[in-house]
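# Take a look and give me a structure for this.
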Amino acid sequence: MTYASMLVAVEEGAASDSRLELACDLAIAFEALLVGVSVGSIAPPLYDPLAGGAMIGELLTLYRDIAETEVERARLRFAEITTGRALETDWRGGVGYPAEFVSRAARAADLLILGCRNPRAPSHAPDVADVLMGSGRPVLVVPPTRLRSPVGNPALIAWKDCREARHALTGALPLLQRASSVTLYSVCTAGENEAADGEIAEVVRYLARHRIHAEPVIALAGDESTGRQILDEAMAREAGLIVAGAYGHARLREWALGGVTRDLIADSTICLALAH
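Okay, here's the model as predicted:
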């Protein structure tokens, strides 16, 4: 199993350049097509209702010109960084709602590569949560400053027996095959231990059929949040990748009450392979 095509979000700034450099390395490693994408968004204009519709039209034209200029700058930066590398590239750029645009473009990609904690999201950059919910593709979330590469280093699978975790595991198989070691990590309450043993053993055998040796670890839930426990375990193992299902609970509940996905996206300095 491999990735034949990847899509990476491109914007201005050091975080985007770092993400694009990683995307280039991954595309070369997997001999994949790398598609750059940038979306300009038109903010609703603030106007005096007594000024009439002509001014609104002029503002919208101005905002569209600004958005198109941003997309063109991103395209030039994508070309600058990818030129001279041994990889095939393509480009998608346009004006619209960023997450929706990227989710539609995902039809031509096996893996989406996005940044997290982007202050311009969701109006002027794709929001990770929106893309996860709408694209139907696994997403590699790259922090602004990552500690390690997601390939060639230990990987940690945050396992919970649910649809989202299964989707994430399948989507991350090519990355897991290139990890130096893999830990299958499950956080359970005391009453869940016995059932978790059987589930984890089946997943270990499943991974072995994909030539991935995984060490099973079952941890008891503590005082910290589950997301924090996962991050601490990944840091202790010097992981370069965390694989997890995203938004197993309703997204509104996670926004209001907190949840594993929100904690990982907000706090991780390790690349995340997520899927919904």
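
# Show me which residues of stretch 82-102 are buried.
Burial within stretch 82-102, assessed by neighbour count using 16 or more other C-beta atoms under 10 Å, is assigned to 82, 87, 89, 91-93, 95, 97-102. For every residue, glycine as well, the C-beta is placed using N, CA and C.

# with those in mind, which one is nearest to Val182?
Nearest to Val182 out of those is Leu87 (C-beta to C-beta; 26.6 Å).

# coming back round to it: select, from the buried residues of stretch 82-102, the two members most distant in space.
Longest span within the buried residues of stretch 82-102, C-beta to C-beta: Leu87 and Tyr97, 28.9 Å.

# surely Gly240 meets Pro154?
Yes. With contact defined as C-beta atoms under 8 Å, Gly240 reaches Pro154; the gap is 6.7 Å.

# For the two, list the residues in contact with both.
Ala179 (C-beta atoms under 8 Å, 6 or more residues apart in numbering).

# residues contacting Ala201?
Ala201 sits in contact with Pro216, where contact means C-beta under 8 Å, 6+ apart.

# For the residue lying closest to Ile81 once chain neighbours are set aside, pull up the helix or strand it's in.
Counting by C-beta to C-beta, 6 or more residues apart in numbering, Ile81 lies nearest to Leu20, which is 5.2 Å off, once chain neighbours are set aside. Following DSSP states H and E, one finds Leu20 within helix 14-30.

# For that helix, buried residues please.
Buried residues in helix 14-30 (16+ other C-beta under 10 Å): 15-16, 18-20, 22-24, 26-27, 29-30.

# for the record, mean pLDDT for it?
Mean pLDDT, helix 14-30: 96.

# Equivalent analysis for stretch 171-178, please.
98.

# Can we start the residue count at 34 from this point?
Fine by me, first position is 34 from now on; the one you just mentioned is stretch 204-211.

# send the alpha carbons of it over as PDB?
What follows is stretch 204-211, C-alpha atoms only, in PDB (Å, rounded to 0.1, in the frame of the first residue of the first chain):
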ATOM      1  CA  GLY A 204      -5.100   5.700   6.000                       C
ATOM      2  CA  ALA A 205      -1.700   5.800   7.800                       C
ATOM      3  CA  LEU A 206      -0.500   2.300   6.800                       C
ATOM      4  CA  PRO A 207       2.100   3.600   4.300                       C
ATOM      5  CA  LEU A 208       3.500   5.900   7.000                       C
ATOM      6  CA  LEU A 209       3.500   3.200   9.600                       C
ATOM      7  CA  GLN A 210       5.400   0.900   7.300                       C
ATOM      8  CA  ARG A 211       8.200   3.400   7.300                       C
END
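
# residues making contact with it?
Taking C-beta under 8 Å, 6+ apart as the rule, stretch 204-211 contacts 34-36, 62-63, 144, 170-171, 173, 183-185, 188, 190, 215, 240, 243-245, 274, 276, 306, 308.

# Now, the residues you listed that are in helices?
Counting by DSSP state H, these place 62-63, 240 in helices.

# List the beta-bridge partners for the residue nearest to the spatial centre of the chain.
By C-alpha atoms, centre = their mean, the chain has its centre lying nearest to Val174, at 2.8 Å. For Val174, the beta-bridge partners are Leu147, Leu305 (DSSP bridges).

# residues touching it, list them.
Here Val174 is in contact with 147-149, 161, 298, 301, 304-307 (C-beta under 8 Å, 6+ apart).

# mean confidence score for the helix or strand that comes right after the helix holding Leu53?
Of the helices and strands lying after helix 47-63 in sequence (DSSP H and E), the nearest is strand 66-73. Throughout strand 66-73, pLDDT has a mean value of 96.
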